[in-house]
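K.L.:
below are the sequence and a predicted model for it; my questions follow.
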Amino acid sequence: MSVQGNRRWWALLVLATAQFMVIMDTSIIGVALPDMRRDLGFSPGGLQWVFNAYVIVFGGLLLLGGRLADLLGARRVFSAGWAVLIVGSIVAAAAQNPGTELLGRGVQGVGAALIAPASMTLLMTIFGRNPRELGRAMALYGAAAPAGGTAGVFLGGVLTEWLSWPWVFILYVPIGLATLAAVPAVLPAVGSRRGSIDVLGAAAVTGGLALAVFAIVRAPDQGWGSAGTLLELAGAAVLLAVFVLVQRTLRHPLMPLSVWRTPDLAAANVVFALLGGAWIPAWYFLNLYLQQVLGFGAFASGAALLPMTVTVMVLMVGVTGRLMGRFGTKPLAVAGMAILALGLGWLALARPDGSFAVDVLAASMVAALGMSLAFIPTMMTAISRVPGEQSGLASGIVNTTYQVGSALGLAVAGAFAASRGADAIGDAARLTDGFRAAFVVAAVIAGAGAVLGLALLRGRGASARADGPAEPAAERAA
């Protein structure tokens with residue numbers, strides 16, 4: 001029995017809000033970082049871990065979250081994720097030192113890793129039988145992710161300026177409680193399946209990704225050729241190799257390797273990882289440029305990035321879906337990555353004595369246009385041909401690549417920025433040199449995504465399951 005009538009669209013509202021919130025949690029702390037550094041005693045390099053603690057746990061556990069959604073039922077996992085996210089938000093808001101803050105952020109990441117793939121499974125369950133409705137729903141759901149990322153910067157500025165930085169976490173408590181209250185009324189109870197949970201695989205992939213990012217973040221201080229950096233990178237490679245080996249040998253692996261035979265899945269995920277690796281460093285260092293070089297306060301910095309938020313939301317909801325129907329997914333994905341690279345390259349021309357109107361506004365709007373064109377087509381290319389019984393897994397893979405790409409992109413951009421003076425607080429010239437280096441790295445990453453998308457993605461693509469939707473494994477009304 002399917003979800004009928006207006007209830008389908010109320011369900012979409014709940015799912016899109018969840019996607020908006022878990023992605024916003026990567027960005028809402030951006031404007032608050034200077035205040036958190038002052039109050040909690042973070043070092044300039046350590047401050048990145050307020051972001052990384054969330055995205056590494058989020059990205060590392062998304063495959064497990066997708067597997068749990070397939071095995072235990074997506075609605076049950078969705079609700080559990082919100083409960084965990086609420087707990088992590090309370091811990092992060094109450095933190096009095098860096099260690100507690102990072103613990104709270106990690107717990108938030110666990111909750112998000114349960115929510116995101118369960119949301120996608122529920123979306124496919126509700127709309128997967130109707131390709132036209134699925135395309136509309138996917139456009140709205142897909143827009144929620146980058147919109148959440150950019151809106152978080154503005155909202156973080158409002159909360160930090162008018163209240164204090166703990167409110168960027170307290171916000172999640174009432175929204176989470178309201179979501180949990182709405183779940184039984186609007187979301188279908190997707191049936192569970194028998195199978196085992198690959199705990200070893202989840203531990204190996206999460207540990208490997210975390211160690212890789214840790215090594216890259218520390219490399220500017222330790223030296224890229226130092227024994228410490230090389231050992232950390234080697235350890236990350238070993239853990240990821242263990243993960244692949246476990247997936248090859250287990251009867252019920254966390255990520256059946258056969259899923260990679262799905263057309264375009266691997267190529268689209270590579271492009272999606274590069275999209276995250278370019279976009280997240282852009283807003284992270286753009287916010288720091290606004291505050292530390294141009295002298296904007298928390299609210300002013302968030303407001304300065306509001307045009308990006310509006311551009312992303314309007315274009316993704318009202319334009320990108322129509323363009324996909326006319327041109328297909330590949331041309332939009334490639335063009336979007338190229339335009340994003342252009343916008344980021346433009347930001348790399350920022351001056352130490354610059355202004356928002358000249359150095360930020362136009363360049364950031366070009367970058368937002370590129371993001372708006374690339375995000376949904378790349379995501380749709382990655383998931384549109386995956387069988388319905390693996391929708392949770394596919395969602396976990398897509399979200400994992402984006403979050404891991406974000407963390408690694410920020411780590412690499414941060415390393416180059418630090419080597420050029422991004423930690424020289426109070427020295428506008430050196431700070432700007434560091435931030436420009438980060439924008440150059442982000443532009444190169446986006447450009448690589450455009451080239452690889454052009455070379456690896458097949459054909460024009462389709463806006464939504466052009467060959468017909470795969471039937472979900474289990475679909476029941478609540």
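P.N.:
Cool, the structure landed. Every value quoted in this text rests on a predicted model; they were computed, and no experiment measured them. Residues are numbered from 1 along each chain as shown.

K.L.:
just checking, next helix/strand downstream of the one helix or strand residue 155 maps to?
P.N.:
For residue 155, the host element (DSSP states H and E) is helix 131-162. Counting by DSSP H and E, the next helix or strand C-terminal to helix 131-162 is helix 167-170.

K.L.:
give the buried residues for that following helix.
P.N.:
For helix 167-170, a neighbour-count test (16 or more other CB atoms under 10 Å) marks 167, 168, 169, 170 as buried. The way it works is simple: take the backbone N, C-alpha and C, and place the C-beta from them, glycine included.

K.L.:
of all the residues you listed, which comes closest to residue 254?
P.N.:
Lowest distance from residue 254 to the buried residues of helix 167-170 (CB to CB) belongs to residue 169, with 29.4 Å.

K.L.:
where's the closest residue to the closest one other than its chain neighbours relative to residue 124, distance?
P.N.:
Once flanking residues are discounted, residue 169 sits nearest to residue 93: 3.9 Å by CB to CB, 6 or more residues apart in numbering. If you measure residue 93 against residue 124 using CB to CB, to the nearest Å, the figure is 34 Å.

K.L.:
what of residue 452?
P.N.:
27 Å.

K.L.:
more neighbours: those two, which one.
P.N.:
residue 124 (29 against 16; other CB atoms under 10 Å).

K.L.:
whichever strand or helix holds residue 9 packs against which elements?
P.N.:
Here residue 9 sits within helix 6-27, counting by DSSP H and E. Here helix 6-27 touches helix 48-72, helix 74-94, helix 98-127, helix 131-162, helix 172-186, helix 265-288, going by 3 or more CB pairs under 8 Å, 6 or more residues apart in numbering; DSSP states H and E.

K.L.:
again, only this time at 6 Å
P.N.:
helix 98-127, helix 131-162, helix 172-186 (3 or more CB pairs under 6 Å, 6 or more residues apart in numbering; DSSP states H and E).

K.L.:
most packed of these?
P.N.:
Neighbour counts averaged per stretch over the helices and strands packed on helix 6-27 are highest for helix 98-127, at a mean of 26; criterion: mean count of other CB atoms under 10 Å.

K.L.:
what angle sits between that helix and helix 6-27?
P.N.:
Put simply, helix 98-127 runs at 150 degrees to helix 6-27, going by axes from the mean of the first three to the mean of the last three CA atoms, to 10 degrees.

K.L.:
care to break the chain down by domain?
P.N.:
6-197+254-456, 198-253 (automatic domain parsing).

K.L.:
would you list those domains in a markdown table and tack on mean pLDDT?
P.N.:
Below are the domains of the chain laid out as a markdown table (pLDDT from 0 to 100):
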| stretch | mean pLDDT |
| --- | --- |
| domain 6-197+254-456 | 81 |
| domain 198-253 | 82 |
